[in-house]
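>>> next one to model:
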Amino acid sequence: MTDQIQLNWNRTNLDNIETAWEGDLWGRERLGIQLTNYVDRLQCGAVLALDARWGEGKTWFVRHWQKHLEDENHNVIYLDAFANDYLDDPFLVVTSEITNTLSKDKKTKSKVKKLIDLSASVGTALLPSLPKIALTLGLHLVGAGFLGGILQQGYENAQDEVDKLSDETSDRIKESIQEKIAGHEAEKKTLEAFKKHLAQTVEKLDKPLVFIIDELDRCRPDFAIRLIERIKHFFDIPRIVFVLVMDKKQFLKVVCHNYGYDEKLGEEYLDKFVDFSINLPKVKNYEMDEAHKYVGNIFFSLGLDNSDLYNGAIGLTTLLYLKSKITKRKLSKIVNEFSLFTKFNTSYLNEFLIYILFNKKLISNYKEDLEGFFDHIIKDLLEIVEKYLWHYKYDVYEHMVGEGGQELNENELNEWCFLQYNSQLLKEINYINTVDKKNIFDHVIMRSVKYNLDAGDSKIGLLESWENYLNL
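Prediction:
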């Protein structure tokens, strides 16, 4: 398959960003700069929560912010929590990432070995038995000498080692309990020594260490809860800033389920571990030009070029996107569905298709009422024209006149506005007072018949045919 015809699913390679904020259609760079300045001024450790719904670009933002921070000579760690939640205790994951990063900095490299030794002591206190460590931790800390001999014997010998140890399980559990009681004070001192040494190590950094933890709300619930608890208890250190990336509403459900809290108690619990929450800015309705460009890029990536056949669908998709306030991921899914189902050589029918994909329940709601179906669409599209296009045209007109541009009368301004979005449906709907309602959708009915999407003369035939065609 050639590069020209290979399907492009509009995914960005976030692991190899060359230029921070490239393709930033929503102005997220501003927040990234604000957060960088905030972090640089901190004289203490902090846990921040970046809150946004699923699909609103959290990962895109933090990966570009990571690149921005690296360009500003910050030490930055990015951790996909979901990819690591098969482990029993997140302390080992967090420690491994921190020691690995500090070992690469000339100013902290010499202190990493002792930090690893102290981490091993703390980790031993947290986990119940060595065999369990060997089985669950994998090779995360082998290079740092964390686990010693068992894992380094290799996978082939691991089962023999486990079988040998399993005979001693009961004795080990008993001994472990006795040691826990006797060694409680020693563990406290070990933890104090770990935190003190970690603080002394990161103090040598020129700028705070930023630890970004993504996909927290997708984790195994017990792992996610334990992760934020470990951060607060073990890593509350000056010059280390944790950024928890989550859909806060969904994460609160995890907290409430785990502890049996109601929503208020769950939020109070989370507030104990998070110092400051930041909402990822939502796309504002007046940012129509950026939204139009973004939608156009999705269409283009699917081979739906910016031609007369698809221009109207792109324009209408933009306005429906702003109206519905769906996530970018949901938007991409709808455009992919459009690419799958479109087979039409008319812009008018393509616009009708994209409208139905945004409003799938309409067909079932009006299955036996074709006139009510079209009346609903007319009313909805008129509201879109009023709320978005007219607001847009007056903003643009004021800018044009202010810049010494040509003054346009009302009709000329309307035509210019519709031309920007190329929607035949919206243009005809706007002149509904001079055109019979049924005639507005003559093209839909007529073209549907041509493409075998009309069951005949029955009033419900059209909607049934579209329902079957879209597998609704």
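
>>> quick check, pLDDT for His399.
The confidence metric pLDDT takes the value 44 at His399.

>>> ah, wrong one, I meant Ser339
Value for Ser339, per-residue pLDDT: 92.

>>> could you report the distance from the spatially closest residue to it that is not a sequence neighbour to Leu50?
Computed as C-beta to C-beta, 6 or more residues apart in numbering, the closest residue to Ser339 that is not its neighbour in sequence is Leu302, at 4.4 Å. C-beta coordinates here come from the backbone N, C-alpha and C atoms, glycine included. For Leu302, the distance to Leu50 equals 30 Å [C-beta to C-beta, to the nearest Å].

>>> quick one, which of those two is more surrounded?
Leu50 (23 against 19; other C-beta atoms under 10 Å).

>>> quick one on the thing from earlier: hmm, the residue nearest to Ser339 is touching Lys333, no?
No: using C-beta atoms under 8 Å, Leu302 is not in contact with Lys333, being 11.7 Å away.

>>> give the rounded mean pLDDT of stretch 268-280.
Across stretch 268-280, the per-residue pLDDT values average to 90.

>>> err, stretch 370-381, not the other one
83.

>>> same check on stretch 444-463?
Summarised as a single mean, pLDDT over stretch 444-463 is 61.

>>> span of that stretch from start to end?
With C-alpha to C-alpha, to the nearest Å applied, stretch 444-463 spans 11 Å between its terminal residues.

>>> thinking Leu205 is in contact with Lys106, fair?
No: applying C-beta under 8 Å as the test, Leu205 and Lys106 come out as separate, 10.7 Å apart.

>>> more neighbours, those two?
Leu205 (18 against 7).

>>> mind checking the SS state of that one?
When classified by DSSP: H, G, I helix; E, B strand; the rest coil, Leu205 comes out as coil.

>>> how about the strands in the chain?
Ranges of strands in the chain, per DSSP state E, are 46-51, 76-80, 209-214, 240-246, 276-279.

>>> contacts for the first one, please.
Looking back up the chat, that one is strand 46-51. Contacts to strand 46-51, defined as C-beta atoms under 8 Å, 6 or more residues apart in numbering, come from residues 35, 39, 58, 61-62, 228, 231-232, 236, 241-248, 270, 273-280.

>>> make a ChimeraX selection of the buried ones in those residues.
Only the buried entries of these go into this ChimeraX selection, using 16 or more other C-beta atoms under 10 Å:
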select :35,39,58,61,62,228,231,232,236,241,242,243,244,245,246,247,248,270,273,274,275,280
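
>>> just to revisit the earlier point, let me have the strands of the chain in CSV, adding distance to Leu319 as columns.
As requested, these are arranged in CSV below (distance: least, C-beta to C-beta, whole Å):
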stretch, distance to Leu319
strand 46-51, 27
strand 76-80, 35
strand 209-214, 32
strand 240-246, 30
strand 276-279, 25
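
>>> which of those strands sits closest to Val112?
Minimum separation from Val112 across the strands of the chain (C-beta to C-beta) falls at strand 209-214, 13.1 Å.

>>> got the angle for the closest one vs strand 240-246?
Orientation check (axes from the mean of the first three to the mean of the last three C-alpha atoms, to 10 degrees): strand 209-214 against strand 240-246 gives 10 degrees.

>>> strand 209-214 pairs with which strands, parallel or anti?
strand 76-80 (parallel), strand 240-246 (parallel) (DSSP bridges).

>>> how about a markdown table for these, with distance to Gln200 and mean pLDDT added?
Shown next, in a markdown table, are the strands paired with strand 209-214 (distance: least, C-beta to C-beta, whole Å; pLDDT from 0 to 100):
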| stretch | distance to Gln200 | mean pLDDT |
| --- | --- | --- |
| strand 76-80 | 19 | 96 |
| strand 240-246 | 12 | 96 |
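
>>> looking at those, which is nearest to Leu118?
strand 240-246 (15.5 Å).

>>> now do Lys106 against Phe344, distance only.
For Lys106, the distance to Phe344 - C-beta to C-beta - is 63 Å.

>>> one more: Val241?
Relative to Phe344, and taking C-beta to C-beta, Val241 is found at 52 Å.

>>> before we move on, what about Gly461?
On the measure of C-beta to C-beta, Gly461 and Phe344 end up 18 Å apart.

>>> swap in Leu87?
Leu87 is 51 Å from Phe344, by C-beta to C-beta.
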